[in-house]
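> Whatever this is, show me its structure:
(2 chains)
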Amino acid sequence: MRVEVSGLSKSFGTVRAVTDLGFTVEPGSVTGFLGPNGAGKTTTLRMVLGLITPDAGSATFDGVPYAALPDPVGTVGAVLETAFHPARSGRDHLRVYCRAAGLPVSRADEVLTAVGLATAGRRRAGGYSLGMRQRLALATALLGDPPVLVLDEPANGLDPEGILWLRGFLRHLAHEEGRTVLVSSHLLSEMEQTADRVVIVGAGRLVRQGSIAELRSGAQGAGTVLVRTPDADRLATVLGDAGMVADRGADGLVTVTGATPAEVGARAFHAGVELHELRAEATGLEDLYFRLTAGQEQFAAASPTATPEGAAR
Amino acid sequence: MTGLVRAEWTKLVTTRVWIGLVIGACLMAGGFAALFTGLAGAEPDGGQPGLPAVGTPQYEEVVFSVAANASVLLLILGIIGTTQEYRHRTATPTFLTTPRRGRVVAAKLVAYALAAVPIALLVLAVDVVVVLLFAGARGAAPSLDADNLQTLGAAGLVLVVFAVIGVGVGALLRNQVGAIVGALVYLYVVEPIVSSIGVLQPAYKWLPGGAVQAVTSDFQAPDLLEPWQGALLLLGYGLLTAVLGTFLAVRRDVV
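Take a look at the predicted model:
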């Protein structure tokens, strides 16, 4: 099932949260919905799911808006926030929505097992850890066995093990089971390892959409590389001759932009320059992400260190 | 729709709020019944007219209608039923499961109206048992004749309608603390002031409190509607809050 978003706009008072946003989400893949905090991701997802009425535009599931779906629970599963009554057990929480959706209540136990919460199901949800809450929210989304899953920052609050589990779970749902998965995040590194495609938004507008591979090749894999050498002058000259931008810092540190660590290492080796350190500060994709969304954070703050070079270009 | 109503019942019984409110309603009805029976016929020193004596029809009307005082707790039950969705943010999964939000509010109204019936019967039963035992001990247990059953029925109607009004008020205000405090201030501050200020008094009979008094025919009643008119007015208030609450729940963004 394909999700199509077109021309979505929404203002809250004088604040324009989302402006003319359009993108598509294809089945069988994980699509990352990426943008800094306050870029309008949550507002967009809530409009897609009919919880917020857009000022303009539409979002459809194979052509049908959410509110008109004959079987919403069996079509789209959504994890928007970890919302439970703290005094109700996780199992009872799920049973409520089984009843409302006309599903057998036994489905509650099945999804609890699927997300690894079977033993905690009868405990009050108020006592759950953040990771357990995320799992319960995911279980709620899976109740109707839907072909489409929409998740808003599902990795928030998960420990490294939980993130690894979530990553595998989402990729399994998309790649093995052919579901359509749309997952939002403000962390590029997370999306790089989970998503097949990304839709990048900044300040409520679409910035770029495409596969991770496309974006990476668009950035030519070149990012920011840090090199430490006792012979910084010569290295800077050598790299400059090769068309790279090399800035000399204190202590023999050279910051190279527009190159991969391998290219920098090769140039230094050929020129016979001794290196003490060679590492990537930001991948090409990270550079691109910073550049695309630079200055578009709603709460932009002065950076304690210099902004990555990419942002200034 | 049946599934949605059952979902609301599951929500109601899987937290413990309702137990406390039902116990409170029973204590309130039983307590007032005992208090009024104990004070019945007492002549204070000042010679003020006290409560009618045990064995008189007036006494029986008073002690059988006190159960309606517990309506405030059913009002709170209804308010919590709707506002908890916003307080604990479960409105999101609820409206995702049922995107036609009007059906959610309608199911809540039906679920709470039906759930209020056994609660009202229990509260009335406590009232009746206390009165029969205590008044019997004081020499004149009232019989459950047509008049007294009518009084009990009226009190039961008030209890059920207040649960429905609570659901509507909750859908209107959404803020749990605000809705409960607002309802209590209205019932115990605004209405008493309206009913005690001469200029405003004609308006009182048209307010929910005036309608309740008309239905249960308190013996000290000022100028009030007929009981059946009061019942209609009360149902009208239940319907009004329900329709307004549904209208707003459908239109407002769930953020």
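> Write out the residues of chain B neighbouring chain A.
B:3-4, B:6-7, B:10-11, B:14-17, B:84, B:88-100, B:251, B:253-255 (CB under 8 Å from any CB of the partner chain). The way it works is simple: take the backbone N, C-alpha and C, and place the C-beta from them, glycine included.
> Buried ones among these?
Using 16 or more other CB atoms under 10 Å in any protein chain shown as the burial test, those include B:3-4, B:6-7, B:10-11, B:14-15, B:17, B:84, B:88-99, B:254 as buried.
> coming back round to it: now, which of the residues of chain B next to chain A lie within helices?
Per DSSP state H, helices hold the following members of the residues of chain B next to chain A: B:3-4, B:6-7, B:10-11, B:17, B:84, B:91-97, B:251.
> Closest one to A:V64 out of these, please.
Relative to A:V64, the closest of these is B:L96; by CB to CB it sits at 15.2 Å.
> Can you tell me the closest non-neighbouring residue to that closest one?
Once flanking residues are discounted, B:L96 sits nearest to A:A78: 5.5 Å by CB to CB, 6 or more residues apart in numbering or on different chains.
> does that neighbour sit in a helix or strand, and which one?
If you go by DSSP states H and E, A:A78 is part of strand A:76-79.
> what about the helix or strand just after that strand, near chain B?
As assigned by DSSP H and E, the chain's next helix or strand after strand A:76-79 is helix A:90-101. Yes. Judged by CB under 8 Å from any CB, helix A:90-101 comes into contact with chain B at A:92, A:95-97, A:99-101.
> and after helix A:90-101, which helix or strand comes next?
Toward the C-terminus, helix A:90-101 is succeeded by helix A:106-114 as the next helix or strand (DSSP H and E).
> hey, where'd the strands end up in the stretch 1-150 of chain A?
A:3-12, A:15-25, A:30-34, A:56-61, A:76-79, A:148-152 (DSSP state E, counting those that start in this stretch).
> Please enumerate the helices of chain A.
Using DSSP H, the helices of chain A run over residues A:41-48, A:90-101, A:106-114, A:130-142, A:160-171, A:188-194, A:212-218, A:232-241, A:261-271, A:284-293, A:309-312.
> TSV for the ones you listed, including mean pLDDT and distance to B:V66?
Converted to TSV, the helices of chain A look like this (pLDDT from 0 to 100; distance: least, CB to CB, whole Å):
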stretch	mean pLDDT	distance to B:V66
helix A:41-48	94	48
helix A:90-101	95	36
helix A:106-114	95	43
helix A:130-142	92	44
helix A:160-171	90	56
helix A:188-194	85	62
helix A:212-218	70	71
helix A:232-241	88	91
helix A:261-271	89	83
helix A:284-293	72	66
helix A:309-312	42	72
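> Redo the ones you listed as CSV? Include mean neighbour count.
Shown next, in CSV, are the helices of chain A (neighbours: other CB atoms under 10 Å in any protein chain shown):
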stretch, mean neighbour count
helix A:41-48, 24
helix A:90-101, 24
helix A:106-114, 17
helix A:130-142, 23
helix A:160-171, 16
helix A:188-194, 20
helix A:212-218, 15
helix A:232-241, 17
helix A:261-271, 16
helix A:284-293, 21
helix A:309-312, 18
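> Mind putting the ones you listed into a markdown table with distance to A:S9?
Below are these laid out as a markdown table (distance: least, CB to CB, whole Å):
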| stretch | distance to A:S9 |
| --- | --- |
| helix A:41-48 | 9 |
| helix A:90-101 | 31 |
| helix A:106-114 | 35 |
| helix A:130-142 | 27 |
| helix A:160-171 | 29 |
| helix A:188-194 | 25 |
| helix A:212-218 | 25 |
| helix A:232-241 | 46 |
| helix A:261-271 | 42 |
| helix A:284-293 | 19 |
| helix A:309-312 | 27 |
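> between those helices, which one is nearest to B:I23?
Nearest to B:I23 among those is helix A:90-101 (21.3 Å), distances taken as CB to CB.
> Tabulate the strands of the stretch 1-150 of chain A in CSV, adding columns for mean pLDDT and mean neighbour count.
Converted to CSV, the strands of the stretch 1-150 of chain A look like this (pLDDT from 0 to 100; neighbours: other CB atoms under 10 Å in any protein chain shown):
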stretch, mean pLDDT, mean neighbour count
strand A:3-12, 94, 18
strand A:15-25, 93, 19
strand A:30-34, 94, 27
strand A:56-61, 96, 18
strand A:76-79, 94, 26
strand A:148-152, 95, 24
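> export those strands to CSV and tack on distance to B:L21?
Formatted as CSV, the strands of the stretch 1-150 of chain A follow (distance: least, CB to CB, whole Å):
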stretch, distance to B:L21
strand A:3-12, 36
strand A:15-25, 40
strand A:30-34, 43
strand A:56-61, 41
strand A:76-79, 32
strand A:148-152, 35
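> now for these, which one comes closest to A:G121?
Closest approach to A:G121 among the strands of the stretch 1-150 of chain A (CB to CB): strand A:76-79, 17.6 Å.
> okay but A:L253 is in contact with A:V227, surely?
Yes. With contact defined as CB atoms under 8 Å, A:L253 counts as touching A:V227 (7.4 Å).
> List the contacts of A:A139.
By CB atoms under 8 Å, 6 or more residues apart in numbering or on different chains, the residues touching A:A139 are A:90, A:94, A:111-112, A:114-115, A:117.
> swap the cut-off to 6 Å and go again
Residues near A:A139 by CB atoms under 6 Å, 6 or more residues apart in numbering or on different chains: A:111-112, A:115.
> who does the helix or strand where B:P118 lies touch, helix- and strand-wise?
Using DSSP H and E, B:P118 sits in helix B:101-137. Here helix B:101-137 touches helix B:2-13, helix B:17-39, helix B:71-87, helix B:146-173, helix B:227-251, going by 3 or more CB pairs under 6 Å, 6 or more residues apart in numbering or on different chains; DSSP states H and E.
> can you pull the buried residues of that helix?
For helix B:101-137, the neighbour count (16+ other CB under 10 Å) marks B:101, B:104-113, B:115-116, B:119-120, B:123-124, B:126-128, B:130-131, B:134-135 as buried.
> one step back: and the helices of chain A: which comes nearest B:A154?
helix A:90-101 (33.8 Å).
> got the angle between that closest one and helix A:130-142?
For helix A:90-101 against helix A:130-142, the angle by axes from the mean of the first three to the mean of the last three CA atoms, to 10 degrees is 20 degrees.
> got the CA positions of stretch A:193-204 in CSV?
C-alpha atoms of stretch A:193-204 as CSV (Å, rounded to 0.1, in the frame of the first residue of the first chain):
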residue,chain,number,x,y,z
GLN,A,193,21.1,2.2,9.5
THR,A,194,17.4,1.6,9.3
ALA,A,195,15.9,3.4,6.3
ASP,A,196,16.1,2.5,2.6
ARG,A,197,14.8,5.9,1.6
VAL,A,198,14.7,9.2,3.4
VAL,A,199,12.4,12.2,3.2
ILE,A,200,14.2,15.2,4.7
VAL,A,201,12.2,18.2,6.0
GLY,A,202,13.4,21.5,7.4
ALA,A,203,11.2,24.3,8.7
GLY,A,204,8.1,22.5,7.5
